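K.L.:
The amino acid sequence is not available; the structure is as follows:
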């Protein structure tokens with residue numbers, strides 16, 4: 001199995017790339033960071049430090065690396081069996097051109113073997129969005145061939161991979177024990193590849209929203225409340241009993257939506273919440289609240305981890321007090337290192353809280369909710 005993984009950062013090396021290597025794939029990393037590419041190509045191996053329960057060190061070897069915009073990348077796409085990404089939601093559009101060129105070369109070479117492309121990003125149906133970008137650059141005469149031979153497979157991914165601390169080898173990466181990679185089995189072309197740790201399902205949206213409404217919601221609210229309280233790491237924040245109670249309550253509010261929408265078992269979902277809280281406490285994961293909280297405009301958008309579960313509670317008439325608290329805390333997030341945080345602060349200063357909520361969260365149809373969030377936010381600002 002020939003595999004190309006776009007994105008050779010910590011998540012790429014520590015999660016999806018590692019699973020592909022473990023599956024004995026002929027793995028090539030593709031990245032725009034030329035020094036990183038050069039080191040991977042030269043060294044052809046690195047270590048993954050798995051921390052927490054069942055701590056261990058695992059070696060990934062027999063890998064190669066190329067620049068993601070190079071002719072080599074195009075040639076390899078033409079021959080690959082599976083392509084994955086961990087580049088970040090905003091970079092998917094940038095790699096679409098290379099993917100399109102590789103697929104055109106594949107078509108011209110008469111390669112009719114199935115190829116499946118899986119975007120493993122922290123977003124809802126990222127592969128479907130990547131497909132839209134790619135298809136804009138595919139000639140009309142290729143459309144039928146694409147539909148028959150190229151699978152664009154949506155996925156849900158879950159693993160905390162914090163920035164690595166200083167190590168003897170800069171390629172080494174630290175990850176938590178827990179990982180989850182769920183893929184939409186209905187979107188594959190050809191036989192499903194056997195990759196240990198990749199779980200196919202015909203009901204992907206249930207698991208996408210379970211992760212979005214639970215891990216992502218809880219992680220973000222922990223970061224935003226943590227920054228307000230002066231904490232530097234997720235662990236320090238979640239060990240504060242008041243923050244932990246509010247984060248847990250917010251995840252239970254979003255969980256009530258999942259239970260209604262997808263008939264998740266309430267006891268199993270409660271255990272899932274507890275598991276996530278214990279992951280936030282992992283003493284071996286030094287995860288900064290500023291890193292987790294970054295890009296607040298995206299995280300406050302209509303389809304993301306704060307507003308989407310809130311809308312679910314409104315749909316089913318469920319409580320949402322702690323979700324409102326989390327949204328107000330997100331609006332309070334500040335970072336000199338994050339352009340979105342600076343843009344959010346400028347919007348609040350020029351437009352005020354209510355108009356910012358309308359512009360960012362699109363809550364025009366919920367004036368009462370806007371008023372409630374405004375009150376909570378203003379109270380936070382006075383207390384700060």
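P.N.:
Alright, I've got the coordinates. Bear in mind that the values here come from a model prediction, so they are computed numbers and not experimental data.
K.L.:
On the three-state scheme, the residue nearest the centre of the chain is what?
P.N.:
Nearest to the geometric centre of the chain sits residue 122, at 1.4 Å (CA atoms, centre = their mean). Assigned with DSSP: H, G, I helix; E, B strand; the rest coil, residue 122 falls in the coil class.
K.L.:
List the contacts of it.
P.N.:
88, 89, 157, 216 (CB atoms under 8 Å, 6 or more residues apart in numbering). (C-beta placed from N, C-alpha, C; glycine too.)
K.L.:
where along the stretch 1-150 of the chain do the strands fall?
P.N.:
For the stretch 1-150 of the chain, strands defined by DSSP state E, counting those that start in this stretch occupy the ranges 2-6, 26-31, 45-51, 56-61, 64-67, 82-85, 115-119, 150-152.
K.L.:
so which of these comes closest to residue 358?
P.N.:
strand 115-119 (30.2 Å; CB to CB).
K.L.:
got the angle between the closest one and strand 2-6?
P.N.:
Here the directions of strand 115-119 and strand 2-6 differ by 30 degrees (axes from the mean of the first three to the mean of the last three CA atoms, to 10 degrees).
K.L.:
Residue 313 touches residue 321, doesn't it?
P.N.:
No. Between residue 313 and residue 321 there is no contact under CB atoms under 8 Å: 9.7 Å.
K.L.:
of these two, who's got more company?
P.N.:
Higher neighbour count among residue 313 and residue 321: residue 313, with 20 against 13, using other CB atoms under 10 Å.
K.L.:
Skip the chain neighbours and tell me the closest residue to that one.
P.N.:
Excluding its sequence neighbours, the residue lying closest to residue 313 (CB to CB, 6 or more residues apart in numbering) is residue 320, at 4.0 Å.
K.L.:
what about residue 138, distance to residue 186?
P.N.:
Separation of residue 138 from residue 186 (CB to CB, to the nearest Å) stands at 22 Å.
K.L.:
Comparing these two, which shows the higher neighbour count?
P.N.:
Legend: neighbour count by other CB under 10 Å for residue 138 and residue 186, higher for residue 138 (19 against 13).
K.L.:
unless I'm mixing things up, the more buried one is touching residue 106, no?
P.N.:
No. Counting by CB under 8 Å, residue 106 is not a contact partner of residue 138; they are 11.1 Å apart.
K.L.:
Now for residue 91: which residues touch it?
P.N.:
Counting by CB under 8 Å, 6+ apart, residue 91 has contacts residue 7.
K.L.:
Next one: the residue nearest to residue 313, what pLDDT does it get?
P.N.:
Each residue has a pLDDT score; the one for residue 320 is 98.
K.L.:
Could you list the buried residues of stretch 353-362?
P.N.:
By 16 or more other CB atoms under 10 Å, the buried positions in stretch 353-362 come out as 353, 356, 357, 360, 361.
K.L.:
right, and the third one touches residue 366 too?
P.N.:
Spelled out, that is residue 357. No. Look at residue 357 against residue 366 with CB under 8 Å: they stay out of range, at 9.2 Å.
K.L.:
Next, format the contacts of residue 122 as a markdown table and append pLDDT, distance to residue 177 and neighbour count.
P.N.:
Converted to a markdown table, the contacts of residue 122 look like this (pLDDT from 0 to 100; distance: CB to CB, whole Å; neighbours: other CB atoms under 10 Å):
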| residue | pLDDT | distance to residue 177 | neighbour count |
| --- | --- | --- | --- |
| 88 | 92 | 24 | 16 |
| 89 | 90 | 26 | 16 |
| 157 | 93 | 15 | 23 |
| 216 | 94 | 19 | 23 |
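K.L.:
what helices or strands is the longest helix anywhere in the chain leaning on?
P.N.:
The longest helix of the chain (DSSP state H) is helix 241-262. The contact analysis (3 or more CB pairs under 8 Å, 6 or more residues apart in numbering; DSSP states H and E) places helix 241-262 against helix 204-211, helix 217-228, helix 234-238, helix 266-280, helix 307-316, helix 321-331.
K.L.:
Run through the neighbouring helices and strands of the shortest one.
P.N.:
What that stands for is helix 234-238. Using 3+ CB pairs under 8 Å, 6+ apart, helix 234-238 sits against helix 217-228, helix 241-262, helix 266-280, helix 289-293.
K.L.:
how distant is the last one from the center of its chain?
P.N.:
Distance, stretch centre to chain centre, for helix 289-293: 14 Å (CA atoms, centre = their mean, to the nearest Å).
K.L.:
Contacts for that helix, please.
P.N.:
162-163, 219-220, 222-224, 226-227, 231-234, 237, 299, 330, 333, 335, 337-338, 341.
K.L.:
Could I have the PyMOL command that selects the buried members from those?
P.N.:
Buried subset of these, written as a PyMOL selection, criterion 16+ other CB under 10 Å:
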select buried, resi 162+219+220+222+223+224+226+227+231+233+234+237+299+330+333+335+338+341
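K.L.:
list the contacts for residue 151?
P.N.:
The contact partners of residue 151, by CB under 8 Å, 6+ apart, come to 114, 115, 116, 117, 187, 188, 189, 190.
K.L.:
before we move on, back to that, can you add distance to residue 172 and give the helices and strands packed on helix 241-262 back as a markdown table?
P.N.:
Compiled in a markdown table, the helices and strands packed on helix 241-262 are given as follows (distance: least, CB to CB, whole Å):
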| stretch | distance to residue 172 |
| --- | --- |
| helix 204-211 | 27 |
| helix 217-228 | 24 |
| helix 234-238 | 21 |
| helix 266-280 | 21 |
| helix 307-316 | 36 |
| helix 321-331 | 33 |
